[in-house]
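Chemist: following is a predicted model, sequence given first.
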Amino acid sequence: MGEVRWLDEREARAWRGMVSVLPRLTAVLERQLIQDAGLSAAEYTLLVPLSEAPDGVLRARDLGRMVGWERSRISHQVIRMEKRGLVAREECSEDARGSMVRLTDAGRTAIVAAAPAHVAAVRQYFVGALTDAEIDVIGPALERVLERLPDDDG
């Protein structure tokens, strides 16, 4: 493997900052969602792409890829959301092994009700802490990091 190239102070500060911010920010935003809308972060995570999809329908496999979740996590979360009436599962007409996830009227009502407060919290705790120049840098920088990461298949 060769000699380890340790992080310098600048690199370590950036890394530690990200590692510290991500779970705390996620927890704050999840508490806000539960308090204001009665939705978990997982529910909100799936409702967003479904609400943006044509006819509010996505193949479960595609939904999982969009949010970066494994098949079992998607399956379990969809079952929980189906019990709450937020989504409905349907057979896939193209492939009997696949399933479709449809946003229900209750799911659409939930996301429409939750989105304004969630966006306000994102603006308060994330966007509002950054300058315009930092926003211009951080978005593309995080996209580059994401592109380097292996997909679910390794």
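Modeler: Cool, the structure landed. Residues are numbered from 1 along each chain as shown.
Chemist: contacts, neighbours, all on C-alpha from now
Modeler: OK.
Chemist: so which strand or helix has the nearest residue to A117 once chain neighbours are set aside?
Modeler: Computed as Cα to Cα, 6 or more residues apart in numbering, the closest residue to A117 that is not its neighbour in sequence is D36, at 7.2 Å. Using DSSP states H and E, the element containing D36 is helix 9-37.
Chemist: show me which positions of that helix end up buried.
Modeler: If you call a residue buried by 16 or more other Cα atoms under 10 Å, then helix 9-37 has these buried ones: 29-33, 37.
Chemist: wait, which of those is closest to V127?
Modeler: Among the buried residues of helix 9-37, L29 lies closest to V127 (Cα to Cα), at 13.0 Å.
Chemist: D105 against I111, yeah?
Modeler: No: with contact defined as Cα atoms under 8 Å, D105 does not count as touching I111 (10.0 Å).
Chemist: which of these two has more neighbours?
Modeler: I111 (23 against 12; other Cα atoms under 10 Å).
Chemist: now do the contacts for the residue most central in space within the chain.
Modeler: Among the residues of the chain, the one closest to the centroid is T45, at 4.3 Å (Cα atoms, centre = their mean). For T45, the contact set (Cα atoms under 8 Å, 6 or more residues apart in numbering) comprises V67.
Chemist: in which helix or strand would I find it?
Modeler: Counting by DSSP H and E, T45 is found in helix 41-52.
Chemist: also I138?
Modeler: Secondary structure (DSSP H and E) places I138 in helix 132-148.
Chemist: contacts for that helix?
Modeler: With Cα under 8 Å, 6+ apart as the contact definition, helix 132-148 has outside contacts at V127.
Chemist: can you give me the offset of that helix from its chain's centre?
Modeler: 17 Å (Cα atoms, centre = their mean, to the nearest Å).
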